[in-house]
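Colleague: Fold the following, please.
(4 chains)
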Number of protein chains: 2
Amino acid sequence: MKTLKIPEATIIRLSVYSRFLYTADKRGIITTSSGDIAEGVGVSPAQVRKDFAYFGEFGTRGVGYNVKDLHRHILKILGLSNIWYVALVGVGNLGLALTSYKGFRERGFHICAIFDSDQGKIGTKIGEVAVQSIDELEKGVRECHAQIGIIAVPAEFAQQVADRLIASGVKAILNFAPVVLNVPPEIELRNVDLAVHLEVLTFNLGMQKA
Amino acid sequence: MKTLKIPEATIIRLSVYSRFLYTADKRGIITTSSGDIAEGVGVSPAQVRKDFAYFGEFGTRGVGYNVKDLHRHILKILGLSNIWYVALVGVGNLGLALTSYKGFRERGFHICAIFDSDQGKIGTKIGEVAVQSIDELEKGVRECHAQIGIIAVPAEFAQQVADRLIASGVKAILNFAPVVLNVPPEIELRNVDLAVHLEVLTFNLGMQKA
DNA sequence: ATTCCAAAGTTAATTATATCACAAACAAGT
DNA sequence: ACTTGTTTGTGATATAATTAACTTTGGAAT
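Modeller: Predicted coordinates for the structure are as follows:
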């Protein structure tokens, strides 16, 4: 086990493997193999083993992997063995969708503060959490010790929201606004642009015909 | 201009460039350069030129690119110069968020049919489009000639919805359910798993400390 | 016209990622 | 104990993508 730079593709696959292991475990499966996992998630067995190899040896040769063990290891690697507090900014349809997204809660992400600028929304409860005014962003983020911020506001406000989140102690940002955000290098940033995915599809459809 | 295999990363970047060009054009900018674009979207100028080079020569040396021209070219490449009809299955929060996502309409994606299994939702209008019963999926998809299907239903129903979409003539699927779908090779499939993005963030946060 | 400059287009080098193929190791059966 | 079958872990190989360096070309200024 060497501490090399890990390809991001590997991290993404680990996340997918963990989903596979979660369901395998729920179905009562005790042991699995790189072949099983590979088939289940649509990659090659060698790829699966290589991905694991970045982090150690989790299986026994000739046998395979213990599902529970492996799953626990991967969750640990992904940083999911403890709870993460998340601040959500923007309660449009997308923001709402995110609050109710089962996958987040299941995997240890706890939305602990929600902000919006719409007076009509402030004070309303979404699940357990009351929507706060965007004016109280700094205070609210600090109070619940959010380490992660989710930006689900219109593009024109995204940068200032990002700045304020960072100023309030957030260390990582998931941005759904279709803009390039400027953040200090120590801040982890990921962008999700839903339209991009559709565009990759249409590009590929075009290719087929040609 | 050779017809090689195009990296998917290139397609994704083209999509991002097009967003940059869209705003540049709106601001009245006539001419731009690989350097401008690179800075605007956070990649290297060489990368920008390389990406364009897969598809032809769009600029003039010593000058740069005409914003409108280049934008038009990229939209053409991405298959966005005509309208795409999209069928949406599943009107949970995520489904709702997608229907109201400005980016889709703006870029020529037209949600022409919406399906759900919840009796309470059937018949209600979302924007212009009435929600239909999932029982009428085949009929509804055919009637509006949807080429793309978006799956926003719980994981356990995703595969059967995919099968039915494909049987109804859909050629590409954008899947938001966290499962690996089995589709024929000629069907374009992309999966979006929102939790994955958060997990990449938490992994990276973990790395920082270590 | 000629020269100079700036930025595109292109080729080559580097780096990153994925695949392959095999040796090591464990379990079970003889 | 020994053999056999199986699956891991890994070093070597192949492929892909990015970066860097170079060449070309159009436009502007003299």
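
Colleague: Domain-wise, how is chain A divided?
Modeller: Under automatic domain parsing, the residue ranges defining each domain of chain A are A:8-77, A:84-196.

Colleague: does any bit of the shortest one sit next to DNA strand C?
Modeller: This means domain A:8-77. Yes: with Cβ under 7 Å from any atom of the strand as the measure, domain A:8-77 is seen reaching DNA strand C through A:8-10, A:43-44, A:46-47, A:49-50, A:60-63. In this view, the C-beta of every residue, glycine as well, is placed from N, C-alpha and C.

Colleague: residues of the least confident helix or strand in chain A by mean pLDDT that come out buried?
Modeller: The weakest-scoring helix or strand in chain A, judged by mean pLDDT, DSSP states H and E, is helix A:102-106 (a mean of 87). Residues of helix A:102-106 classed as buried by neighbour count (16 or more other Cβ atoms under 10 Å in any protein chain shown): A:103-104.

Colleague: Which elements pack onto it?
Modeller: If contacts are counted by 3 or more Cβ pairs under 8 Å, 6 or more residues apart in numbering or on different chains; DSSP states H and E, helix A:102-106 sits against helix B:194-209.

Colleague: Run the chain-centre distance for whichever helix or strand comes after the least confident helix or strand of chain A.
Modeller: For helix A:102-106, the succeeding helix or strand toward the C-terminus, using DSSP states H and E, is strand A:109-116. Taking Cα atoms, centre = their mean, to the nearest Å, the mean C-alpha location of strand A:109-116 is offset from the chain mean by 15 Å.

Colleague: if we can go back for a sec, could you save the domains of chain A as TSV and add columns showing distance to B:Val129?
Modeller: Below are the domains of chain A laid out as TSV (distance: least, Cβ to Cβ, whole Å):
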stretch	distance to B:Val129
domain A:8-77	32
domain A:84-196	15
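
Colleague: Looking at those, which one is packed in the most?
Modeller: domain A:84-196 (a mean of 19; mean count of other Cβ atoms under 10 Å in any protein chain shown).

Colleague: Just the C-alpha atoms of the least confident helix or strand of chain A, please, in CSV.
Modeller: The C-alpha coordinates for helix A:102-106 follow below in CSV (Å, rounded to 0.1, in the frame of the first residue of the first chain):
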residue,chain,number,x,y,z
LYS,A,102,-32.8,9.7,0.6
GLY,A,103,-29.3,8.9,-0.6
PHE,A,104,-27.8,11.8,1.3
ARG,A,105,-29.2,11.0,4.7
GLU,A,106,-28.5,7.3,4.2
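
Colleague: what's in contact with that helix?
Modeller: For helix A:102-106, contacts defined as Cβ atoms under 8 Å, 6 or more residues apart in numbering or on different chains pick out A:86, A:98, A:111, B:178, B:193-195, B:198.

Colleague: circling back: which one of the domains of chain A lies nearest to B:Leu189?
Modeller: domain A:8-77 (9.8 Å; Cβ to Cβ).

Colleague: max-length helix in chain A?
Modeller: Under DSSP state H, the helix in chain A containing the largest number of residues is helix A:8-26.

Colleague: Just after that one, pick out the following helix or strand.
Modeller: strand A:31-32.
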